[in-house]
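[1] Return atomic coordinates for the entry below.
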Amino acid sequence: MTLEEQIQYWVDIAEHDVPVVKSMFENGHYVWALFISHLILEKIIKAHYVKDTQQTPPKIHDLVSLERRTKLNLSKEQREFLLKVNNFNLESRYPDFKRNAFLVATKAYTEDYMKKIMEMYEWLKNKI
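    Just a heads-up that it's a prediction; the model follows:
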């Protein structure tokens, strides 16, 4: 697979998950909507990783760690946002976090984060 094909692969699978997030949200699966939203950002950052390093991205899920290995140079506020979004990855996978996630992930909370995540996703996608 060429570098361009690898980049396009990450962009395509991120884009593929966008309607999944919307469906999860519309059906009241807020924790899963946030989890998939995290994956969307992870995948688009991995596209940047391939573009910037010409290497296969590491098999990690920490958005800030991935971003710092690219040439994106996000602002402090953007990195702080990614740190918050990182929590959606853990909360969806581990029972003790998941229990708390169901209490926190109300419709309004999820909708607010999804909006911000999708804005960042579109911004990152446009920088490819």
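[2] In terms of helices and strands, where is the nearest residue to His61 once chain neighbours are set aside?
    Excluding the flanking residues, the one nearest His61 by C-beta to C-beta, 6 or more residues apart in numbering is Asn89, at 5.2 Å. No exception for glycine: its C-beta is placed from N, CA and C like everyone else's. Taking DSSP states H and E as the definition, Asn89 sits inside helix 76-93.
[3] Just the buried positions in that helix, please.
    Across helix 76-93, burial judged by 16 or more other C-beta atoms under 10 Å covers Gln78, Phe81, Leu82, Val85, Asn86, Asn87, Phe88, Asn89, Glu91, Ser92.
[4] How about the third one: what's its closest non-neighbour residue?
    What it means is Leu82. Among residues not flanking Leu82 along the chain, Leu63 sits closest, at 4.1 Å (C-beta to C-beta, 6+ apart).
[5] just checking, the one you found touches His38?
    Yes. With contact defined as C-beta atoms under 8 Å, Leu63 reaches His38; the gap is 7.3 Å.
[6] List the contacts of stretch 75-95.
    For stretch 75-95, contacts defined as C-beta atoms under 8 Å, 6 or more residues apart in numbering pick out 31-32, 34-35, 37-39, 41-42, 61-64, 67, 74, 97-98, 100-101, 104-105, 113, 116-117, 120.
[7] One more: stretch 43-63?
    Against stretch 43-63 from outside (C-beta under 8 Å, 6+ apart): 3, 6-8, 10-11, 13-14, 17, 38, 41-42, 66-67, 69-72, 82-83, 85-86, 89, 121, 124-125, 127-128.
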